[in-house]
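> Could you look at this predicted model? Sequence included:
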Amino acid sequence: MSFGKNTRADYGVDTAAAVLRFMVLAFVGMIFALSAPFLVHERELAVHLASLGRGLAIWCSICATVMVWGSRVGKLRLRDRVIAGLALKGNEQVLDVGCGRGLLLVAAAKNLDRGKAIGIDLFAKGDPTGNSEATTRENATLEGVDQRVELVAGDARKLPFPAKRFDVIVSSFALHEVRDLADRQKAIAEIARVLKPGGRVRIVDTRHTDEYVTALREAGLVDVARSGLSFATIVPSRIVSARRPLA
Ligand SMILES: C[S@@+](CC[C@H](N)C(=O)[O-])C[C@H]1O[C@@H](n2cnc3c(N)ncnc32)[C@H](O)[C@@H]1O
């Protein structure tokens, strides 16, 4: 949903449907708490029901706030940690797999002067989260990196790029959306295929990170490591890092 033209990049609210549900429940709880004394005549029961309603309203408000905070603040902090950790020189070719609205893509592009940041995503029509090529392009423009960003509609399981094309490959909160283990393994094998010798990988995700570690090692990558849990988002995540050997 959009009200007029955006003036700031918007990387979206994850689990927006759940946030909405919590807000509705908080509202219901509040109404329940306020109306119980008028609807129930037995005083003790009315007090009990009102406190139940209050509890529901408070708990659901906290959940919704934490979720929105994760998307608006926590996720951006995690993004900054990932991009800073890469210490980009500025001439790299960077690929963001499942770039969505360009969270990592745009941040990487901001650290490039001669290089390019390429984002690939299904960009499925009618995506319930509102992700689309146009939104990502708008974010890149608003952040002043439009010239350094390319967008490609495609599938992580069959990357439309030649082997050894990228210096750095990143991905955030995307690969868990690939349903089957075999397909996720395909996506990881594709990431390894299009990575240059000496190239680096960073994958942030809430699930399956142990699988990514195994698949990256099987694809011949080295220095494969998985970070501790980050609580920057409501569902904790980990960063998987790896490097393709030079030889
Ligand atoms: C939760 S969003 C994350 C977007 C962005 N990386 C971020 O961190 O905000 C997941 C994205 O992965 C994309 N995606 C899911 N499966 C994919 C696939 N097989 N190939 C490419 N992109 C995919 C979705 O279209 C969606 O935009």
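It's in.

> Residue in this structure with the shortest distance to the ligand?
G100 (2.4 Å; Cβ to the nearest ligand atom). Quick note: C-beta positions are derived from backbone N, CA and C, even for glycine.

> Verify the stated contact: that residue with A174.
Yes: if you go by Cβ atoms under 8 Å, G100 and A174 touch, sitting 6.9 Å apart.

> Need the residues touching each of those two.
Taking Cβ atoms under 8 Å, 6 or more residues apart in numbering as the contact rule, G100 and A174 both touch D121.

> the more surrounded of the two?
Each of G100 and A174 has its neighbours counted (other Cβ atoms under 10 Å); G100 has more, 27 against 23.

> Check which helix or strand the more buried one maps to.
Assessed by DSSP states H and E, G100 sits outside every helix and strand.

> Just the pLDDT for A64.
What the model reports for A64 is a pLDDT of 88.

> Burial check on the nearest residue to the residue of the chain closest to the ligand once chain neighbours are set aside, number of neighbours?
Closest residue to G100 apart from its sequence neighbours, by Cβ to Cβ, 6 or more residues apart in numbering: N131 at 4.7 Å. N131: 20 surrounding residues under other Cβ under 10 Å.

> Give the helix, strand or coil label for N131.
At N131 the chain is in coil, as set by DSSP: H, G, I helix; E, B strand; the rest coil.

> got the contact list for it?
G12, G100, R101, D121, F123, A124.

> Which of the residues you listed lies at the shortest distance from C63?
G12 (18.2 Å; Cβ to Cβ).

> Perfect, that will be all.
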